[in-house]
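Asks: Take this sequence and fold it.
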Amino acid sequence: MIDVYYWPTPNGWKVSIALEEMEIPYRIVPINIGRGEQFDPGFLEISPNNRIPAIVDTAPDDGDTPLPVFETGAILIYLAEKSGRFLPARPRERSEVISWLMWQMGGLGPMLGQHGHFRLYAPEKIDYAIQRYRKEALRLFGVLDKRLEGREFICGDYSLADMACWPWVITYKSQQLDLGDFPQLRRWYDALKERPALRRGYAVGQELRKATFPDRDASRFKT
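Replies: Below you'll find the model as predicted:
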């Protein structure tokens with residue numbers, strides 16, 4: 001059993017989607033970031049950076065004590081190795097998937113996160129910051145669009161790279177970014193949202209978001 005310390009955000013969705021795709025039993029432990037629960041001392045022991053999601057494998061393969069893992073890239077690799085799915089064994093293909101996973105971790109997620117903050121939530125609208133991060137977000141969409149030319153998925157077969165990128169691309173609507181200029185990205189995005197396991201993973205915890213932010217327009221995150 002995997003305990004998932006979770007809130008329904010793009011980073012949280014990455015892990016819930018992976019667990020559904022890999023068919024690994026899990027239990028959700030809500031960490032309400034709107035109330036600052038990520039800063040509780042108990043959670044700090046699991047996630048030293050005070051960020052969700054994190055997991056605890058209550059029955060790790062080595063038979064030892066429960067194993068905590070934090071940072072979504074590390075979590076996805078851990079779950080893939082545990083399940084034997086969605087991360088190739090051959091070094092060439094494996095390194096390709098990990099490279100695109102790290103691209104999401106170091107680029108796509110942070111840049112969209114910064115754009116979303118300055119565009120939607122910052123108390124002071126700083127045009128320079130909004131335009132800076134918007135430009136970079138669109139550049140990264142272009143990188144992914146080019147990568148998907150002639151490919152159904154980012155790295156040949158459906159993999160961790162797709163699971164990591166999709167939950168951030170879905171924020172395009174709330175961030176007022178147009179996918180119309182990125183036809184390959186649009187095709188990939190639309191195809192993935194029809195996957196039953198992905199949809200189940202994306203739906204995890206949606207009631208938590210509604211209960212915490214009743215005044216926010218949920219349609220911004222609809223597929």
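
Asks: Report the distance from the longest helix along the chain to the chain centre.
Replies: The longest helix of the chain (DSSP state H) is helix 127-147. Put simply, helix 127-147 sits 18 Å off its chain's centre (CA atoms, centre = their mean, to the nearest Å).

Asks: quick one: average pLDDT of the next helix or strand after that helix?
Replies: Next along the chain after helix 127-147, taking DSSP states H and E as the criterion, comes helix 160-169. Average pLDDT, helix 160-169: 98.

Asks: What residues sit buried inside the helix or strand following helix 160-169?
Replies: On the C-terminal side of helix 160-169, the nearest following helix or strand under DSSP H and E is helix 183-192. Using 16 or more other CB atoms under 10 Å as the test for burial, helix 183-192 gives 185-186, 188-189, 192. Quick note: C-beta positions are derived from backbone N, CA and C, even for glycine.

Asks: again, but for stretch 103-114
Replies: For stretch 103-114, by 16+ other CB under 10 Å, it's 103-105, 107-109, 111-114.

Asks: so how far is the first residue of that stretch from its last?
Replies: End-to-end span of stretch 103-114 (CA to CA, to the nearest Å): 16 Å.

Asks: Tell me how far that stretch lies from the chain's centre.
Replies: Distance, centroid of stretch 103-114 to centroid of chain: 10 Å (CA atoms, centre = their mean).

Asks: out of the buried residues of helix 183-192, who's nearest Leu208?
Replies: Within the buried residues of helix 183-192, the smallest distance to Leu208 is 23.1 Å, found for Leu192 (CB to CB).
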